[in-house]
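Q: what's the 3D shape of this:
(4 chains)
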Amino acid sequence: MTGVSKTSPLSRAAKWFDPRARTISTIGFILNRITALGLSFYLFLHLIMLGQLAQGPQAYDGFLATVHSPIFVFGEVLVIAAGFIHGLNGIRIALNSFGVGARYQKATFLVLLSIAVICSLIFAVRIFTV
Amino acid sequence: MSTPKWVVTFQIYRKKGNADPHFDEFKLEVSPDEYVLDGIERVWAFHDRSLAFRHACHHSTCGACGMRVNGAEKLTCITLIRDVTQDGGVLRIEPMRNFPVVSDLAVDMGILYTRMEMVEHQPVNSDAKEAIQPEARPAGPVGEEEDYIRLSDCIECGLCISACPISGSSPEYLGPAVLAGAHQHGIKGNEQLLKLVDSEDGVWRCHSAFECTAVCPSFVEPGWRIMDLRKQVIGERFKRLFRGSSPKIIDTMEASK
Amino acid sequence: MNDSRYGPKTGESTWLWFTKIVTGLLVIVILIIHFIVNHFTAQNGLLTYADVVKYYQNPIVPIMEIAFLVFVVSHALIGLRGIVLDLKPTRAVIGAVNWLFSAVGVVAIVYGIWLVLTIVSRGASS
Amino acid sequence: MSKPKVIIIGAGFTGVATAHDLALRGFDVVVVERGEIASGTSGRTHGVLHSGGRYAVSDQESAVECIDENMILRKIVPQVIEPNGGLFIAIDESDLAYAEEFIEGCNACHIPIQELTARQALEMEPNLNPKVLAAFTVPDGTFDPLRLALSFAASARKNGARFRTYTEMEQLIIDGQGNVTGVKVWDRTTDTHEEIYADLVVNATGAWVGEIASHAGAHVPIKPTPGVMVAFDQRLVQRVINRLNKPGDGDIVLPQRRMMVVGTTSFEVTDLDYVPVVEDQVKIMLERGEELVPGIRKTNVRGAYMATRPLIGGGSTGRSIARTFKCFDHKETDNIDGLVTITGGKATTLRAMAEKTADVVCQKMGVQAVCTTKEVPLLSYRDYYLQNN
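A: Residues are numbered from 1 along each chain as shown, chains lettered A, B, ... in the order given. Here you go, the predicted structure:
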């Protein structure tokens, strides 16, 4: 008999991100998990980078010059978009879990995702045009 | 009166003993208004007598014929061929995920049945208890003094567990049907059950993909029930936080009676 | 199923989850406050080291940043632990993860507070 | 001292119930089943726990069996039964004319009935045809077919019976005297063949008994008679609704979970392994069901399926054949020892069929053991799979 457990953790994790034959709510789950991982990575990277502040003005201003290069700015936009998606979706999950609107979660998700996309676009435009 | 026939290719997952699994193809002439299970039964009857699959009632009361049809979890006895493919199309039939495969399309339901028993899900209930969701309540004699005993909505088909992304990576997770069963039984005053659902493998493991509700063929709405169960568990924990360990006091009081 | 997963841990999962939800919501609240404060105190952005040091002279800023740090680190680590749990870890692995993540959390928060206080003191001494 | 060993072919209602009975009486039981438990006729049964009212006029032997077994099943396996009773309702004059015979028949068979006025009936079941003229309550019920079978199987298993599902009987093993000594089987999960020997083989294959018995050169007068059933997606009634008349097509509407199931028809087939659902018959079910519960028109079809009744044929056909069951000791009928066939009957009488079969088995093998299945409560159907682990 083939069990569920014989696979490696990685291949098990890969199953989370397979949206085939799944509904829109799974997209919510996938996005939430990806943004969770991305934001966690960013959080600790950010904390380490901010250590430059303790090194004094030259170090920090030099660091700022680096992060103003386009590739870092693009990364910043990703972080903002991830923040919006994760935050707004998180509100839905929190509400559902306290017994609010679980029957309307699909509609809620679509509305919140639209808001997240619009807000991310506004920020992206602002950041790239400044 | 005959609707035009369709030709559909059934691609069926095969597994025998320790041999490697593979897919077999069977081209069948079907009526689009037949059910997927009818096609599978015909493959067994006329093409390959070695095909193993679970089925019994053929009208969605027993929950035996859950499979994956083109990737999606379906109760095949009520899934019209018309709704899942087209003339000349393909039906890829696979066993449910997250259950051990016995052979071909047949899986071992032991895990689910064991856990349903653990959470004391009652196979028959009063009608009022089954109708927790008022808008889904069927038309008919409602709200009268007389109540009816009836078989529970959950048919233990396992489709929700097959569709759940968390059950997929973490077999210890109790799973949607089981948590829905616990919700239906009620955790009020049931210390054992509260402990079970409020554990690492209980309600907190759900990550709101709501696939369970999407695939449930039997009006159980496991996703909603898990969320409602969370509310109840949180409520219970807060009550205890402010009242200290009062349940123990009640226990001893009852014991002394 | 491994019965040792149940029993002594009763209630623990609830509070971990509850903390995750509450800190998540608090992070959102603080982010909103952050944007408002930023809007009034640093209209031109924080483009240099001097800007940042000056920004931290407003007492609301270090308080806000420390609170944000505590909430976001807790939320992230509880969330990551949840993801590890979903990967069917052995008892030993999840035990190690519990210790590791607790330690990482404490270090990150202490380090963050030290950083904030350093910047605040730079501003005060200049 | 080793237990006497019996192989049962078929894990439908009679197979699992016989396994339970024999296991309780101390036999070593092996059940071989080519599919899953209840994957033939048993799983697809209508699901009426008959009060016997349906047969009280035309087939009183079956009616008595039904009411007795109905009461026993309610007691030993309540976890799979909706015990809400049933109604026989008269819609037209011909139905009314049948009422007298019906009352007499039910009294003769000790089936407790109660006459209702049309108004009382509509108060009990507001979705009945408002043209209802008269009604009688009967102690009908509804059961879940798979779970009923699993409950017996679980209990049998607890007492040592072994279930070999997906294991198809290929041949009966016959000794030099032409007697049956075992079965040759094909395990479809591993695609392997093996021989199992036993002191006795019980052929409990329902509509397929003729085919199985013919392997030993024995004959069973079986008349496989399929009927259609259609499930609708709303539960408009809470009780089994029967037409107050002689048994006919589409004259029972029963509630089950959140559904209603209407059945059935009656015709003859030769190929048993696949009986197609005939569209015309589905239409008849809708039309006939509508006469009992007009609201059916507004519901949707959820499933349509065929099941093949194992009727024991004399000269008659279809509706007129008795619904009673029979156990054949092929030593007596064909002078072939080691083979017993049980068939006929209703789902409701599965326990009685098993008792009869086990009595024959005991008598043949000289075992003194009484039947206790009337009293022993069955295990939860879930235990069947629990013990798998």
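
Q: Around chain C, which positions in the stretch 101-250 of chain B sit nearby?
A: B:115, B:166, B:169-173, B:195-196, B:198-202, B:204-205, B:207, B:233-234, B:237, B:240 (CB under 8 Å from any CB of the partner chain). Heads up, the C-betas are built off the backbone N, CA and C, glycines and all.

Q: name the helices or strands packed onto the helix or strand bottoming out on mean pLDDT in chain A?
A: Within chain A, no helix or strand scores below helix A:57-67, which has a mean of 86 by mean pLDDT, DSSP states H and E. When contacts are defined as 3 or more CB pairs under 8 Å, 6 or more residues apart in numbering or on different chains; DSSP states H and E, helix A:57-67 packs onto helix A:70-97, helix C:49-55.

Q: Check which element follows the longest one along the chain.
A: Going back to what we said before, that points to helix A:70-97. helix A:105-129 (DSSP states H and E).

Q: How about the last one?
A: Toward the C-terminus, helix C:49-55 is succeeded by helix C:60-85 as the next helix or strand (DSSP H and E).

Q: Stretch C:71-84: how far from the chain's middle?
A: Distance of stretch C:71-84 from the chain centroid (CA atoms, centre = their mean, to the nearest Å) equals 9 Å.

Q: let me fix that: stretch B:56-75
A: The answer for stretch B:56-75 is 10 Å, by CA atoms, centre = their mean.

Q: What average pLDDT does that stretch get?
A: Stretch B:56-75 carries an average pLDDT of 97.

Q: First-to-last residue distance for it?
A: Distance between the boundary residues of stretch B:56-75 (CA to CA, to the nearest Å) amounts to 12 Å.

Q: Any part of it near chain D?
A: Yes: Stretch B:56-75 is in contact with chain D by CB under 8 Å from any CB, via B:A56, B:C57, B:H58, B:H59, B:S60, B:T61, B:C62, B:G63, B:A64.

Q: that older thread, for the helices and strands packed on helix A:57-67, which one sits closest to D:D199?
A: helix A:70-97 (60.9 Å; CB to CB).

Q: what helices or strands is that closest one leaning on?
A: By 3+ CB pairs under 8 Å, 6+ apart, helix A:70-97 packs against helix A:24-50, helix A:57-67, helix A:105-129, helix B:222-243, helix C:12-41.

Q: now the angle between helix A:57-67 and the first one, please.
A: Angle between the axes of helix A:24-50 and helix A:57-67 is 150 degrees (criterion: axes from the mean of the first three to the mean of the last three CA atoms, to 10 degrees).

Q: Where does pLDDT dip in chain B?
A: Counting by pLDDT under 70, the ranges of chain B that qualify are B:1-2, B:131-146, B:244-257.

Q: what does it have sitting close to chain A?
A: B:15, B:68, B:70-72, B:98-102, B:108, B:163, B:165, B:168-171, B:207-211, B:214, B:221, B:223-224, B:227-228, B:230-231, B:234.

Q: if I pick the residue of the stretch 1-150 of chain B found nearest chain A, what's in contact with it?
A: Nearest residue of the stretch 1-150 of chain B to chain A (CB to the nearest CB) works out as B:G71 at 3.3 Å. Counting by CB atoms under 8 Å, 6 or more residues apart in numbering or on different chains, B:G71 makes contact with A:R20, A:A21, B:R92, B:E94.

Q: CSV for these, including neighbour count, secondary structure and distance to D:G318?
A: Listed next are the contacts of B:G71 as CSV, based on neighbours: other CB atoms under 10 Å in any protein chain shown; DSSP: H, G, I helix; E, B strand; the rest coil; distance: CB to CB, whole Å:
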residue, neighbour count, secondary structure, distance to D:G318
A:R20, 8, coil, 49
A:A21, 16, coil, 45
B:R92, 17, strand, 41
B:E94, 20, strand, 41
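
Q: For chain C, which element, helix or strand, carries the lowest mean pLDDT?
A: Least-confident helix or strand in chain C using mean pLDDT, DSSP H and E: helix C:49-55, a mean of 87.

Q: Name the residues that touch that helix?
A: A:53, A:56-57, A:60-61, A:64, C:41-42, C:44-46, C:61, C:119, C:122-123, C:126.

Q: Among these, which pair sits farthest apart?
A: A:G56 and C:T41 (22.8 Å).

Q: So between those two, which is more surrounded?
A: Taking other CB atoms under 10 Å in any protein chain shown, A:G56 and C:T41 do not tie; C:T41 has more neighbours (14 against 11).

Q: burial of the residue nearest to that one when sequence neighbours are not counted, as a residue count?
A: In space, C:T41 comes closest to C:N58 once its chain neighbours are excluded; the distance is 5.6 Å by CB to CB, 6 or more residues apart in numbering or on different chains. Counted by other CB under 10 Å, the residues lying close to C:N58 total 15.

Q: cool, and C:A67?
A: 15.

Q: where does the closest residue to it other than its chain neighbours land on pLDDT?
A: Leaving aside its sequence neighbours, C:A67 sits nearest to C:I30 (CB to CB, 6+ apart; 6.1 Å). As predicted, C:I30 sits at a pLDDT of 95.

Q: Please report the distance of C:I30 from C:F71.
A: Per CB to CB, to the nearest Å, C:I30 is found 7 Å from C:F71.

Q: ditto for C:G123
A: For C:G123 relative to C:F71 (CB to CB), the value is 24 Å.

Q: of those two, who's got more company?
A: Per other CB under 10 Å, whichever of C:G123 and C:F71 has more neighbours is C:F71, with 20 against 17.

Q: OK, contacts around that one?
A: Counting by CB under 8 Å, 6+ apart, C:F71 makes contact with C:T23, C:L26, C:V27, C:I30.

Q: rerun at 10 Å
A: C:T19, C:V22, C:T23, C:G24, C:L25, C:L26, C:V27, C:I28, C:V29, C:I30 (CB atoms under 10 Å, 6 or more residues apart in numbering or on different chains).

Q: Among those residues, find me the one that's closest to chain D.
A: Among the contacts of C:F71, and counting by CB to the nearest CB, the member closest to chain D is C:T19, at 36.2 Å.

Q: Could you give the number of residues near the closest one?
A: Neighbours of C:T19 using other CB under 10 Å come to 14.

Q: B:S126 now?
A: 12.

Q: In the sheet, which residues pair with it? Tell me.
A: B:I149 (DSSP bridges).

Q: What are the buried residues along stretch A:51-68?
A: By neighbour count on 16 or more other CB atoms under 10 Å in any protein chain shown, the buried set for stretch A:51-68 is A:Q52, A:L53, A:Y60, A:D61, A:F63, A:L64.

Q: Just the closest residue of the stretch 51-200 of chain D to chain C, please.
A: As assessed by CB to the nearest CB, chain C sits closest to D:A154 within the stretch 51-200 of chain D, at 20.4 Å.

Q: What helix or strand is that residue located in?
A: Using DSSP H and E, D:A154 maps to helix D:145-158.

Q: Many thanks, have a good one.
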